[in-house]
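A.B. asks: Below are the sequence and a predicted model for it; my questions follow.
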Amino acid sequence: MRIPTIFTLELQKRHHRIGRLLALAGGLVFAVSAYLPWAYASGALDDMSYLGGPSALQFLGLALGLILAICATMGLIEPWAGAKGVAPALLKVSKRVGWTRGAKVTGIGMLAYIGVVLLAIVIELGGLVTVEWGGWVALAAAVVGLIGTRLITPGRPPSLERLRTPGWVGILAIALTLLGALLLAAYALNQVDGGSFVVILTFAGVLAAFILRSGLGGWLSSISQRHRTVLVFAAFAVAFLFPFTQNGSDANMSIATQVLIFAATAVGLNIVVGLAGLLDLGYIAFLGAGAFTAATMSQSAFATIGWKPPFIVVMLIAGLISATLGLIIGSPTLRVSGDYLAIVTLAFGEIFRISMSNLDGRDGPDLVHGSSGIPAIPNLNLFGFDFGAVHTVAGIPLGRFSNYFFLMLLIMAVIVLVFTRLNHSRIGRGWVAIREDEKAAEAMGVNVFGLKLLAFAGGAFLAGLAGAVKAHVDQSVTPDQYIFLESAFLLAAVVLGGMGTVMGVILGAVLLKLVPEKLRFVNEYRMLLFGLLLVVMMRVRPEGMIPNQRRVLEFHSDDEELIDEIEEDLPYEFAEES
Amino acid sequence: MLEVKDLVVAYGKVKAVKGISFTVEQGQVVSLLGTNGAGKTTTLRTISGLLRPESGEIWFEGERIDRVPAHKVVMRGLAHSPEGRRIFPRLTVEDNLLLGAFARKDAAGVATDLERVYDLFEILRERRTQPAGTFSGGEQQMLAIGRAMMSRPRLLMLDEPSMGLSPLMMQRIMSTIRALQSEGVTILLVEQNAAAALKLSDRAYVLEVGQITLDGTGEQLLGDDRVRRAYLGED
């Protein structure tokens, strides 16, 4: 969002130096204020009432203050170092960093952070009097810092992504970034207090904004382009390590497993929506079809199908049944496009749910016991590995949800692999053409109907796989788990994260699923909040949090500067292949 | 090479093409002329499989293709550069060209043809990483022709390549068509600019409200009084 320009360029030019000094001072005082007591009593957040010893959350504030101070300092040092010829190599790197842009966004972020902290203190302890003097100092420092950063003239755009980076530095950077993300996530998840969680979330948001604005984001993304395999493996390694940070507690692992199921389904939906450009509003039905199939063939006493093949077979059958449903619903409707497809899939989702409710022995054959569904689905046992038992690895106990987490991670890997292979294939190119101009694609010899059907059925298949696992994780399958709202949330995750990308959609899915699970009050207002979030996103960043580069063009095709920027980055994925 | 027999095409109840027949011989440039709504574009779209005829037959290299789906028609060596160019504006030039070769699976051949198109239109090579939508009309037309060439067609159908172009750019396009012909590509051309089309046509057909009213060699039609009056704007 654009901050209204109170400080005109004229004003900025005149007070540029003062601005930097104010920002420096604000950042430093803010950092120091972490050592001051912010709250009157220990009850709020993680006890901010001490003088001389920052709490963990106050350390986050300290970090923000230091970031701002460093950004402001670098802006002051650069001209001086340039004139004196100090450390020319370092200066070259430094000139590529968007210090000013980073400072500006951190200035806003610092105020947001202290605002959330003070608000949490006021709410949790009751009243403004509960804020100690240190809190006011921090607030004042944040305001000074913000004014300072507003007074600085906007600097040149960062160009870190064009920095030549040795391979090992890049890999190290990827590893450190992911490790940092893991630690932050583990730390955030272990918060019992809702306020603390929001504070950490705010900090993470500010940090992400700083990384993006300062050019570090561009640098990281150019590195990860080059070391794509390293990135993917590192991401999975980090996710794999996550259960080991939980000390055997299943509380967070239960959430993490649900998040992973949701994310895997969202990536599957992204094939349909993001790659082929088909709006599917009933995707949850395919997850449901997989879950119901697995439930009816499970070892549950309420299962209605006598045949009990091994789970691998069940999973494949679940996927195939979902895919068949996809073909049945897709073959008549994929000839129409756009709004019609959305309406038909929306109806299909409802038809699926109501049909399941009617398979209760009264209105139809008793296949799934109607709305009461199939309960008491036992834990999986794959090759002698009992998913219900606690396994201890390297002294760390891993409970039931950890086991399912690992299984879902495996399925996620399969889905991501399918997604990326398809995206970079001839089929992926055909999908791009269909998305852009269906008629022209047809004239080029693209089998439009066939490719659409493939996306639809393929996406359904992947959802079916995830559904089969979900049945065992949830231990019961009922029709009301698969309502339209869930489809809407999946779609929101895709749109929010970035259509056509894996990382973006995973991020979107994690946010949409994790935040309401951790925060009761968000859960109550989640429809309102997510509606708002979507509106804001469409205004500010319609291409999603981590956009597909081609998509950026679709939303900003009139922005010449951006086009130039992207052109240079756009990999020759098509050229490589042919 | 291409033979159209008694072709009737209808949009619902409205017949856009009312039983036309014509042939295109190997190596020729053949033009379909006519005003708006005469049925020229409909004819091309039917030949390339994007529309289904109500009756009549279309034969290409000895095989009947009027029931063959569009993506298979391309594989048989018949390319269609549609009306209004219809390039993919947000894809790069190179992606556009590669999409033209979508029906092909021989990667090496595609790479060769890509170079061939770049040799034909040097500007495309220079701007291969740019989004095609940033191009001028003439450059887009070059891209559209180049894209159609990427399927290595034996018969190339061009729908109004001169639309909206400057006279200079139009000349460029017309000389490109002649160059393609000399490379052995047969061309079926739909044009409103009758004078330019007739000059390079071996044979031409005049369509009026879905029927062929005149046909002959390019020279014959250029000299024909009715053509001169109706399409060349002479008295």
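C.D. replies: Right, received. Where do you want to start?
A.B. asks: Point to the residue nearest the middle of chain B.
C.D. replies: In chain B, the centroid-proximal residue (C-alpha atoms, centre = their mean) is residue B:158; its distance is 1.5 Å.
A.B. asks: Verify the assumption that that residue is located in a strand.
C.D. replies: Yes: counting by DSSP: H, G, I helix; E, B strand; the rest coil, residue B:158 is located in a strand.
A.B. asks: Buried residues in stretch A:234-241, which are they?
C.D. replies: By 16 or more other C-beta atoms under 10 Å in any protein chain shown, the buried positions in stretch A:234-241 come out as A:234-236, A:238-239. All C-beta atoms are positioned from the backbone trio N, CA, C, and that covers glycine.
A.B. asks: circling back to that earlier point, beta partners for the residue nearest to the centre of chain B?
C.D. replies: Taking DSSP bridges as the rule, residue B:158 bridges to residue B:81, residue B:189.
A.B. asks: which secondary structure elements does the helix or strand where residue B:219 lies contact?
C.D. replies: Assigned by DSSP states H and E, residue B:219 belongs to helix B:218-223. Here helix B:218-223 touches helix B:194-200, strand B:203-208, going by 3 or more C-beta pairs under 8 Å, 6 or more residues apart in numbering or on different chains; DSSP states H and E.
A.B. asks: Let's have those in CSV, adding distance to residue A:147, mean pLDDT and mean neighbour count.
C.D. replies: Below are these laid out as CSV (distance: least, C-beta to C-beta, whole Å; pLDDT from 0 to 100; neighbours: other C-beta atoms under 10 Å in any protein chain shown):
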stretch, distance to residue A:147, mean pLDDT, mean neighbour count
helix B:194-200, 67, 87, 20
strand B:203-208, 73, 90, 22
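A.B. asks: so can I have TSV of these showing distance to residue A:112?
C.D. replies: Formatted as TSV, these follow (distance: least, C-beta to C-beta, whole Å):
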stretch	distance to residue A:112
helix B:194-200	64
strand B:203-208	67
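A.B. asks: how about these in a markdown table, adding distance to chain A?
C.D. replies: Below are the helices and strands packed on helix B:218-223 laid out as a markdown table (distance: least, C-beta to the nearest C-beta, whole Å):
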| stretch | distance to chain A |
| --- | --- |
| helix B:194-200 | 21 |
| strand B:203-208 | 21 |
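A.B. asks: how near is the residue nearest to the spatial centre of chain A to residue A:514?
C.D. replies: By C-alpha atoms, centre = their mean, chain A has its centre lying nearest to residue A:507, at 1.1 Å. Computed as C-beta to C-beta, to the nearest Å, the residue A:507 to residue A:514 distance reads 10 Å.
A.B. asks: For chain B, give me its nearest residue in the stretch 401-550 of chain A.
C.D. replies: At 3.1 Å from chain B, residue A:445 is the closest residue in the stretch 401-550 of chain A, using C-beta to the nearest C-beta.
A.B. asks: my guess is that residue meets residue B:71, correct?
C.D. replies: Yes: judged on C-beta atoms under 8 Å, residue A:445 makes contact with residue B:71 at a distance of 4.7 Å.
A.B. asks: Could you check the helix holding residue B:219 and say which residues are buried?
C.D. replies: Those would be B:218, B:221-222, for helix B:218-223 by 16+ other C-beta under 10 Å.
A.B. asks: And for stretch A:257-274?
C.D. replies: Within stretch A:257-274, judged by 16+ other C-beta under 10 Å, the buried ones are A:257-274.
A.B. asks: which ones among the residues you listed come in contact with chain B?
C.D. replies: With the criterion set as C-beta under 8 Å from any C-beta of the partner chain, no member of the buried residues of stretch A:257-274 is near chain B.
A.B. asks: out of those, which are inside helices?
C.D. replies: Counted as lying in helices by DSSP state H, out of the buried residues of stretch A:257-274, are A:257-270.
A.B. asks: Out of the residues you listed, which is nearest to chain B?
C.D. replies: Chain B has its nearest neighbour among these in residue A:270, at 19.0 Å by C-beta to the nearest C-beta.
A.B. asks: Would you mind measuring from the closest one to residue A:503?
C.D. replies: Applying C-beta to C-beta, the value for residue A:270 to residue A:503 is 11 Å.
A.B. asks: How about residue A:483?
C.D. replies: Residue A:483 sits 28 Å away from residue A:503, taking C-beta to C-beta as the criterion.
A.B. asks: Have a look at the two and say which one is more surrounded.
C.D. replies: Comparing residue A:483 with residue A:503 by neighbour count (other C-beta atoms under 10 Å in any protein chain shown), the higher total belongs to residue A:503, at 18 against 14.
A.B. asks: Skipping adjacent residues, who's closest to the more buried one in space?
C.D. replies: residue A:546 (5.2 Å; C-beta to C-beta, 6 or more residues apart in numbering or on different chains).
A.B. asks: which SS state does that neighbour fall under?
C.D. replies: coil.
A.B. asks: between the helices and strands packed on helix B:218-223, which one is nearest to residue B:88?
C.D. replies: When the helices and strands packed on helix B:218-223 are compared by C-beta to C-beta, helix B:194-200 sits nearest residue B:88, at 26.8 Å.
A.B. asks: So which bits of the helix ranked longest in chain B are buried?
C.D. replies: Looking across chain B with DSSP H, the single longest helix is helix B:167-182. Across helix B:167-182, burial judged by 16+ other C-beta under 10 Å covers B:169-170, B:173-174, B:176-177, B:180-181.
A.B. asks: Show me what the lowest-mean-pLDDT helix or strand in chain B is packed up against.
C.D. replies: Across the helices and strands of chain B, mean confidence by mean pLDDT, DSSP states H and E is lowest for helix B:225-231: a mean of 79. Counting contacts by 3+ C-beta pairs under 8 Å, 6+ apart, helix B:225-231 is packed against helix B:194-200.
A.B. asks: Only alpha carbons, please: show the helix it packs on as PDB.
C.D. replies: What follows is helix B:194-200, C-alpha atoms only, in PDB (Å, rounded to 0.1, in the frame of the first residue of the first chain):
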ATOM      1  CA  ALA B 194      -7.500  -6.800 -53.600                       C
ATOM      2  CA  ALA B 195      -4.900  -5.000 -55.600                       C
ATOM      3  CA  ALA B 196      -1.900  -6.200 -53.600                       C
ATOM      4  CA  ALA B 197      -3.200  -9.700 -53.300                       C
ATOM      5  CA  LEU B 198      -4.000 -10.100 -57.000                       C
ATOM      6  CA  LYS B 199      -0.500  -8.900 -58.000                       C
ATOM      7  CA  LEU B 200       1.100 -12.000 -56.500                       C
END
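A.B. asks: Residues touching that helix, excluding its own?
C.D. replies: Contacts to helix B:194-200, defined as C-beta atoms under 8 Å, 6 or more residues apart in numbering or on different chains, come from residues B:29, B:31, B:33, B:162, B:170, B:174, B:177-178, B:181, B:189, B:191, B:204, B:218-219, B:221-222, B:227, B:231-232.
A.B. asks: Show the contacting residues for residue A:458.
C.D. replies: Counting by C-beta under 8 Å, 6+ apart, residue A:458 has contacts A:271, A:323, A:418, A:422.
A.B. asks: quick one: which of the residues you listed is most hemmed in?
C.D. replies: residue A:271 (27 neighbours).
A.B. asks: Can you tell me how far it is from residue A:347?
C.D. replies: For residue A:271 relative to residue A:347 (C-beta to C-beta), the value is 22 Å.
A.B. asks: Residue A:383 now?
C.D. replies: Between residue A:383 and residue A:347 the distance, using C-beta to C-beta, works out to 41 Å.
A.B. asks: hey, where'd the strands end up in the stretch 351-500 of chain A?
C.D. replies: A:381-382, A:385-386, A:391-393, A:396-398 (DSSP state E, counting those that start in this stretch).
A.B. asks: No further queries at this time; thank you.
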